[in-house]
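Trainee: Output the structure for:
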Amino acid sequence: MKLKIRYENEFQTIELDAKATDEMWVSLSLDCDDNMTQEEKEQAIQNAWDKQYNRPDYNNWHKFNRHRGFTRKKLDEKINAVDEFEPLIEEVRDPSVYYEQEIDRSNQWEYEALCQKFVKL
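Mentor: Down below sits the predicted model:
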């Protein structure tokens, strides 16, 4: 299956194999008819993807907000109260837990750079 994905202002096409197509079907929570052909399933996946993620307004929001943390507590509309389950960065003693993946990547890159230097010696 070829899935069209909007990135910034352009579309990119990703080739999905049968397993990835089935996983996409499950992740988008689509209903399945036994009479559906593979092409109908692929079209349903593309339509659901377009509806959820290929919208220009979602793309613009995601472009500006994908690297931001929640800097202030927000009102949860479902319970009509402020969600205090997770503390803010300013409220914890060691904020490195919020950057754990970034720190791990940085350490891995440093390790690989040192290994390359030792290999050259």
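
Trainee: which other residues reach the longest helix anywhere in the chain?
Mentor: Identified as the longest helix of the chain according to DSSP state H is helix 100-120. Contacts with helix 100-120, where a contact means CB atoms under 8 Å, 6 or more residues apart in numbering, come from S96. Where you see a C-beta, it was placed from the backbone N, CA and C, and this is true even at glycine.

Trainee: Just give me how far it sits from the chain centre.
Mentor: Distance, stretch centre to chain centre, for helix 100-120: 25 Å (CA atoms, centre = their mean, to the nearest Å).

Trainee: just stretch 19-35 next, same as before
Mentor: Centre to centre, stretch against its chain (CA atoms, centre = their mean), the figure for stretch 19-35 is 19 Å.

Trainee: measure that stretch end to end?
Mentor: Distance between the two ends of stretch 19-35: 20 Å, counting by CA to CA, to the nearest Å.

Trainee: List the buried residues for that stretch?
Mentor: Across stretch 19-35, burial judged by 16 or more other CB atoms under 10 Å covers M24, W25.

Trainee: Please list the residues outside that stretch that contact it.
Mentor: Here stretch 19-35 makes contact (CB under 8 Å, 6+ apart) with M1, L3, L16, K41, E42, A44, I45, A48, W49, Q52.

Trainee: let's see it at 6 Å
Mentor: M1, A44, I45, A48 (CB atoms under 6 Å, 6 or more residues apart in numbering).

Trainee: how far away is the last one from T21?
Mentor: Using CB to CB, to the nearest Å, A48 is found at 12 Å from T21.

Trainee: next one: the second one
Mentor: Taking CB to CB as the criterion, A44 is separated from T21 by 11 Å.

Trainee: Start from the N-terminal end of this structure and give the helices.
Mentor: Along the chain, counting by DSSP H, helices occupy 18-27, 38-52, 56-65, 100-120.

Trainee: what does the domain assignment say about the chain?
Mentor: With automatic domain parsing as the criterion, the domains of the chain are listed as 2-65, 89-120.

Trainee: most packed of these?
Mentor: Using mean count of other CB atoms under 10 Å, the stretch among the domains of the chain with the greatest mean number of neighbours is domain 2-65 (a mean of 12).

Trainee: All set, thanks.
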